[in-house]
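K.L.:
After the sequence you'll find the predicted model.
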Amino acid sequence: MRGVVFRGNSVAEVIDYPDIAPGPEQVLIKLRSSGLCGSDFGRYRGEGPNEHSGELRRPGHEPCGEIVGLGTGVVGRKIGDRVIQHHYEGCRECDYCLTGWQQLCQVAEKKEYYGGSMHGGHGDYMVAHQSTCVPLPDDLDFEVGAYLACGASTAFQALKKLDISGRDTLAVFGQGPVGLAATMFGTEMGARIIAVDISPERLEMAANSGAWATIDASNGDVPEQIRELTHGTGADATLEAAGLAATRVVAVESTRIFGRSCLVGEGGEVTYQPTPHIIHRHLTLLGSWTFSTFGLAEAARFAAQRKVPLASVITSRSTIEEAPLAYENFSSGAPGKFVINWD
Ligand SMILES: [Zn+2]
Ligand SMILES: [Zn+2]
């Protein structure tokens with residue numbers, strides 16, 4: 001079977017891997033779509049190959065496909081099931097694992113990551129534990145399922161945490177795949193979305209995704225521009241999906257008194273001044289990291305029932321043979337969502 005390998009220093013290749021078969025309680029998934037996620041840039045651009053205990057690992061943590069094989073003892077999954085794969089493993093016994101939050105498992109030696117420590121979705125097939133498979137609603141395409149497998153559902157979970165409703169004006173900082181999903185889901189939840197970015201292409205995509213207003217942050221003083229749009233008060237809620245120190249501060253400064261602000265973009269650092277930024281403004285500052293298996297299923301049902309136009313921001317569809325070029329383009333900052341598709 002074919003699979004992608006990251007060689008290090010921004011080199012990806014497609015190589016032959018040995019055929020695979022599901023073990024006990026595992027299923028064999030034929031990939032139909034596999035998303036590219038910015039959180040893999042560390043692995044892609046890093047110095048060495050993506051490997052674990054000296055063995056190469058196929059990347060890709062946004063897998064979506066069909067079950068084509070069952071290991072022994074699989075219950076509740078059958079051949080032909082269309083599934084989104086939740087890319088984490090844990091001990092399966094702690095409170096977090098039992099509630100679908102395997103990424104929060106407290107048993108360090110049992111924590112695994114499909115597409116990192118384990119083989120992921122950038123191959124013709126993958127094996128996965130049955131508990132990591134979430135049904136893909138019939139009316140969603142596989143590529144939308146791949147988008148939901150990490151980026152889009154991360155946005156959905158953060159909006160739930162922010163308790164977004166039709167009473168809110170929500171400013172979303174960063175209109176990459178996560179931010180664009182927040183714009184679409186937030187719009188469907190009834191909020192007015194102010195989309196912030198420095199890329200004209202991304203802002204145009206945000207406008208087409210339902211944003212009520214867009215702000216080009218390169219034009220300066222974003223908090224002031226947001227106050228102008230909100231009768232001087234600031235946004236009721238803000239979501240930071242850029243992962244940048246300066247943007248994190250600007251997001252807080254753009255939030256109204258008694259508002260809430262959620263950090264989603266990962267990495268780096270930030271320095272707040274507690275008194276003017278947080279305390280004297282009664283700010284609620286939140287963090288949100290991906291979602292549970294149940295959260296993934298809920299996001300997929302919401303996307304299907306509300307016809308959230310997630311597919312509209314997919315800008316790159318590749319075959320697996322073209323995956324190295326797709327990574328090159330994605331890594332250079334091309335806008336929109338990138339997926340690898342199979343017939
Ligand atoms: Zn991701
Ligand atoms: Zn656990």
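P.N.:
All right, it came through fine. Ligands and ions are numbered 1, 2, ... in the order given.

K.L.:
What residues does the stretch 101-250 of the chain have near ligand 2?
P.N.:
Counting by Cβ under 5 Å from the ion, the residues of the stretch 101-250 of the chain close to ligand 2 are residue 105. Bear in mind the C-beta positions are built from the backbone N, C-alpha and C, glycine included.

K.L.:
change it to 6 Å
P.N.:
Residues of the stretch 101-250 of the chain lying close to ligand 2 by Cβ under 6 Å from the ion are 105, 107.

K.L.:
so what's whatever residue of the stretch 101-250 of the chain ends up closest to ligand 2 up against?
P.N.:
Nearest residue of the stretch 101-250 of the chain to ligand 2, counting by Cβ to the ion: residue 105, 3.1 Å away. Counting by Cβ atoms under 8 Å, 6 or more residues apart in numbering, residue 105 makes contact with 88-91, 94, 96-97, 111.

K.L.:
Looking at those residues, spot the one nearest ligand 1.
P.N.:
The closest of the contacts of residue 105 to ligand 1 turns out to be residue 88 (Cβ to the ion; 11.0 Å).

K.L.:
Dig out what that closest one forms beta bridges with.
P.N.:
Residue 88 has these beta-bridge partners by DSSP bridges: residue 113.

K.L.:
which ones among the contacts of residue 105 are found in helices?
P.N.:
Using DSSP state H, 96-97 are the members of the contacts of residue 105 that sit in helices.

K.L.:
want to throw the contacts of residue 105 into a markdown table with neighbour count and pLDDT?
P.N.:
Output for these, formatted as a markdown table (neighbours: other Cβ atoms under 10 Å; pLDDT from 0 to 100):
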| residue | neighbour count | pLDDT |
| --- | --- | --- |
| 88 | 24 | 98 |
| 89 | 21 | 97 |
| 90 | 21 | 97 |
| 91 | 16 | 96 |
| 94 | 16 | 96 |
| 96 | 17 | 97 |
| 97 | 24 | 97 |
| 111 | 17 | 96 |
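
K.L.:
if we can go back for a sec, in space, what's closest to the residue of the stretch 101-250 of the chain closest to ligand 2 - neighbours in sequence excluded?
P.N.:
Using Cβ to Cβ, 6 or more residues apart in numbering and skipping the chain neighbours, the partner closest in space to residue 105 is residue 90 (2.8 Å).

K.L.:
just checking, that neighbour touches residue 108?
P.N.:
No - counting by Cβ atoms under 8 Å, residue 90 stays clear of residue 108, with 9.9 Å between them.

K.L.:
circling back to that earlier point, just name the closest of the contacts of residue 105 to residue 194, please.
P.N.:
residue 88 (32.3 Å; Cβ to Cβ).

K.L.:
Next up, the contacts around that closest one.
P.N.:
Counting by Cβ under 8 Å, 6+ apart, residue 88 makes contact with 102-103, 105, 111-114, 132.

K.L.:
could you dump the host helix or strand of residue 180 to CSV, C-alpha only?
P.N.:
For residue 180, the element it lies in under DSSP states H and E is helix 177-188. Taking Å, rounded to 0.1, in the frame of the first residue of the first chain, the C-alpha atoms of helix 177-188 are listed here in CSV:
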residue,chain,number,x,y,z
PRO,A,177,-9.2,26.3,8.2
VAL,A,178,-10.1,26.5,11.9
GLY,A,179,-11.0,30.2,11.8
LEU,A,180,-13.1,29.8,8.6
ALA,A,181,-15.0,26.9,10.3
ALA,A,182,-15.6,29.1,13.3
THR,A,183,-17.0,31.8,11.0
MET,A,184,-19.4,29.2,9.3
PHE,A,185,-20.5,27.5,12.5
GLY,A,186,-20.8,30.8,14.5
THR,A,187,-22.9,32.2,11.7
GLU,A,188,-25.2,29.1,11.8
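
K.L.:
Does anything pack onto it? Which helices or strands?
P.N.:
helix 153-161, strand 169-173, strand 192-197, helix 200-208, helix 293-305 (3 or more Cβ pairs under 8 Å, 6 or more residues apart in numbering; DSSP states H and E).

K.L.:
Can you add mean neighbour count, mean pLDDT and distance to residue 142 and give these back as a markdown table?
P.N.:
Below are the helices and strands packed on helix 177-188 laid out as a markdown table (neighbours: other Cβ atoms under 10 Å; pLDDT from 0 to 100; distance: least, Cβ to Cβ, whole Å):
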| stretch | mean neighbour count | mean pLDDT | distance to residue 142 |
| --- | --- | --- | --- |
| helix 153-161 | 25 | 98 | 15 |
| strand 169-173 | 29 | 98 | 26 |
| strand 192-197 | 27 | 98 | 27 |
| helix 200-208 | 19 | 98 | 21 |
| helix 293-305 | 19 | 98 | 12 |
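
K.L.:
Can you tell me which of these is nearest to residue 81?
P.N.:
Closest to residue 81 of these, according to Cβ to Cβ: helix 293-305, at 13.2 Å.

K.L.:
for the closest one, packing partners?
P.N.:
Packing partners of helix 293-305 (3+ Cβ pairs under 8 Å, 6+ apart): strand 133-135, helix 153-161, helix 177-188.
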